[in-house]
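K.L.:
need a 3D model of the following:
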Amino acid sequence: MSLRLLLSCAEASGDLYAGALTRALREREPALRIAGLGGAHFQSAGGELIADYRGIAVTGLTEALSKVPEVLAVRRRLLASAKAEKPDALVVIDSPDFNFRLAPGIRRLGVPVIYYISPQIWAWRKGRINAIRRFADLVLVIFPFEEDLYRKHDIPVEFVGHPLVDLITTTSAREPFLRKHSLSPSAPCVALLPGSRPNEVARILPVIAGAAQLIRKALPDAQFIVARAPRLKDELFAEVGAMSRTAVVEGDADTVLAAADVAVTASGTATVQTALHNTPMVIVYRVSPLSYQLLRRLVRVDAIGMVNLIAGEKIVPELVQDAFTPEAVAAEAVSLLTNQDRAARMRDGLARVRARLGAPGASGRAAESILRIARRKSHA
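P.N.:
Okay, here's the model as predicted:
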């Protein structure tokens with residue numbers, strides 16, 4: 001009988017990693033059947049969608065309340081699938097708010113649980129490690145410092161490296177890419193990455209669009225490329241799309257980042273992606289006021305940007321909540337475009353971050369570990 005896996009990822013970055021992981025799994029086990037919660041990347045790699053994560057994706061603690069009925073329905077569908085199909089393992093990818101509630105119920109069915117890309121317990125809500133100990137048979141971590149943390153709590157763990165190291169690809173060289181979008185290769189270019197969830201983009205893009213206008217006042221030849229996540233509504237990008245010397249490019253963030261001199265990016269996986277392109281950046285973020293007050297009580301680190309957390313120091317400026325204004329964003333971006341020494345120091349810091357992300361082949365190493373556990377279960 002072929003091996004069967006159930007997979008759960010509830011956000012865009014998780015879907016990207018799920019796609020790479022599924023390809024690596026199927027290369028090693030061609031008859032593998034894998035189904036679950038994911039998106040386009042997971043599906044195109046050969047995964048069967050039981051539910052699409054885009055129906056439940058949202059940012060912010062209070063904002064998530066509006067999605068509770070959909071979340072509960074998706075969880076019931078995944079649990080029903082596990083009861084009917086009896087998978088050899090459940091693979092959960094990040095998304096702790098969803099996966100912490102899904103995994104225990106499926107593990108009670110006798111299904112081993114592998115947590116790939118575990119939540120940032122070292123940054124906030126450290127007590128979650130006790131829940132992970134109760135339901136995870138193995139944790140696959142993407143940062144080397146995470147391995148010791150789990151070992152100290154007697155949780156089986158393996159460091160596999162960061163999958164983005166292999167996933168960074170561009171579709172075009174800088175000059176033809178810019179010319180294709182009616183932009184000049186000789187003028188300064190700023191990438192704008194407002195996030196991947198609708199409510200996130202709605203909060204962030206208008207502010208960075210305002211910053212773009214101020215940047216152009218300081219640097220009249222400045223031009224902008226907006227990296228648009230797939231399947232977002234056109235109206236979210238109407239204002240920025242109407243700006244002169246501005247291109248909106250869907251589904252090609254790597255090429256956007258490779259072509260840019262500076263990036264303004266929402267906090268999240270995109271900051272690591274930007275670091276891998278060695279592009280100087282400004283990190284921005286905003287949630288609802290109530291969500292922010294709740295998060296402030298939970299977070300135990302001084303930085304929110306993944307690149308700063310990996311570096312162990314603030315190498316990239318962060319403009320969060322009330323500090324996130326068009327004026328502040330523009331000032332940071334103009335400084336990076338005009339102060340070459342500052343930009344060079346930031347690139348040095350980003351190179352150090354890249355060195356800590358591990359060697360290429362993370363998805364393959366993760367696949368080997370998952371298959372080892374699934375085969376053991378299948379032969380039991």
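K.L.:
so Val71 is in which element?
P.N.:
Using DSSP states H and E, Val71 sits in helix 68-85.
K.L.:
could I get the full set of helices for the stretch 1-150 of the chain?
P.N.:
For the stretch 1-150 of the chain, applying DSSP state H, counting those that start in this stretch gives helices covering 12-28, 40-44, 68-85, 96-107, 128-135, 144-152.
K.L.:
most neighbours per residue, which of these?
P.N.:
Highest mean neighbour count of these: helix 12-28, a mean of 23 (counted as mean count of other C-beta atoms under 10 Å). Placement of C-beta: from N, CA and C, glycine included.
K.L.:
and it with helix 96-107, angle?
P.N.:
40 degrees (axes from the mean of the first three to the mean of the last three C-alpha atoms, to 10 degrees).
K.L.:
so where do the strands sit in the stretch 251-380 of the chain?
P.N.:
Per DSSP state E, counting those that start in this stretch, the stretch 251-380 of the chain carries strands over the ranges 262-266, 281-285, 318-320.
K.L.:
now the ones you listed in JSON lines, with mean pLDDT, distance to Val334 and mean neighbour count?
P.N.:
As requested, these are exported to JSON lines (pLDDT from 0 to 100; distance: least, C-beta to C-beta, whole Å; neighbours: other C-beta atoms under 10 Å):
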{"stretch": "strand 262-266", "mean pLDDT": "97", "distance to Val334": "9", "mean neighbour count": "27"}
{"stretch": "strand 281-285", "mean pLDDT": "96", "distance to Val334": "10", "mean neighbour count": "27"}
{"stretch": "strand 318-320", "mean pLDDT": "94", "distance to Val334": "14", "mean neighbour count": "20"}
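K.L.:
nearest to Pro220, out of these?
P.N.:
strand 262-266 (16.2 Å; C-beta to C-beta).
K.L.:
quick one: that closest one to strand 281-285, angle?
P.N.:
On the basis of the same axes, to 10 degrees, strand 262-266 is oriented at 20 degrees to strand 281-285.
K.L.:
give the partner strands of strand 262-266 in its sheet and their orientations.
P.N.:
Note on strand 262-266: by DSSP bridges, its sheet partners are strand 189-193 (parallel), strand 281-285 (parallel).
K.L.:
please pull out the lowest mean pLDDT helix or strand from the chain.
P.N.:
helix 289-298 (a mean of 62; mean pLDDT, DSSP states H and E).
K.L.:
what's the local residue count around the residue nearest to Ala270 when sequence neighbours are not counted?
P.N.:
Nearest residue to Ala270 in three dimensions, chain neighbours excluded: Leu193, at 4.8 Å (C-beta to C-beta, 6 or more residues apart in numbering). Residues near Leu193, counting by other C-beta atoms under 10 Å, number 30.
K.L.:
which residues are in contact with Leu193?
P.N.:
Val226, Ala227, Ala253, Val256, Leu257, Ala263, Val264, Thr265, Ala266, Ala270, Thr274 (C-beta atoms under 8 Å, 6 or more residues apart in numbering).
K.L.:
the first one bridge partners, please.
P.N.:
For Val226, the residues forming beta bridges with it (DSSP bridges) are Leu192, Val248.
K.L.:
residue contacts, Ala202?
P.N.:
By C-beta under 8 Å, 6+ apart, the neighbours of Ala202 are Leu236.
K.L.:
about what we covered before: and the helix holding Val71, what other elements does it pack with?
P.N.:
If you count contacts as 3 or more C-beta pairs under 8 Å, 6 or more residues apart in numbering; DSSP states H and E, helix 68-85 packs onto strand 4-9, strand 33-38, strand 48-52, helix 96-107.
K.L.:
may I see those arranged in CSV, with mean pLDDT as well?
P.N.:
Output for those, formatted as CSV (pLDDT from 0 to 100):
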stretch, mean pLDDT
strand 4-9, 97
strand 33-38, 97
strand 48-52, 96
helix 96-107, 94
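K.L.:
let's have those in CSV, adding distance to Ala209.
P.N.:
Output for the helices and strands packed on helix 68-85, formatted as CSV (distance: least, C-beta to C-beta, whole Å):
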stretch, distance to Ala209
strand 4-9, 30
strand 33-38, 31
strand 48-52, 29
helix 96-107, 30
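K.L.:
nearest to Gly161, out of the ones you listed?
P.N.:
That would be, of the helices and strands packed on helix 68-85 and by C-beta to C-beta, strand 4-9, which comes in at 18.1 Å.
K.L.:
for that closest one, list the C-alpha coordinates in PDB.
P.N.:
Output of strand 4-9 as PDB, limited to C-alpha atoms (Å, rounded to 0.1, in the frame of the first residue of the first chain):
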ATOM      1  CA  ARG A   4      -0.600   8.400   3.000                       C
ATOM      2  CA  LEU A   5       0.100  11.800   4.600                       C
ATOM      3  CA  LEU A   6      -2.200  14.500   5.900                       C
ATOM      4  CA  LEU A   7      -0.800  18.100   5.800                       C
ATOM      5  CA  SER A   8      -2.000  21.300   7.300                       C
ATOM      6  CA  CYS A   9      -0.700  24.800   6.600                       C
END
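K.L.:
pull the residues that contact the helix holding Val71.
P.N.:
Against helix 68-85 from outside (C-beta under 8 Å, 6+ apart): 4, 6, 8, 35-37, 50-51, 55-56, 64, 90, 98, 101-102, 105-106, 109, 111.
K.L.:
ok, Ile56 to Ala355 distance?
P.N.:
For Ile56, the distance to Ala355 (C-beta to C-beta, to the nearest Å) stands at 35 Å.
K.L.:
these two: which has the busier surroundings?
P.N.:
Neighbours per residue, other C-beta under 10 Å: of Ile56 and Ala355, the larger number sits with Ile56, 23 against 9.
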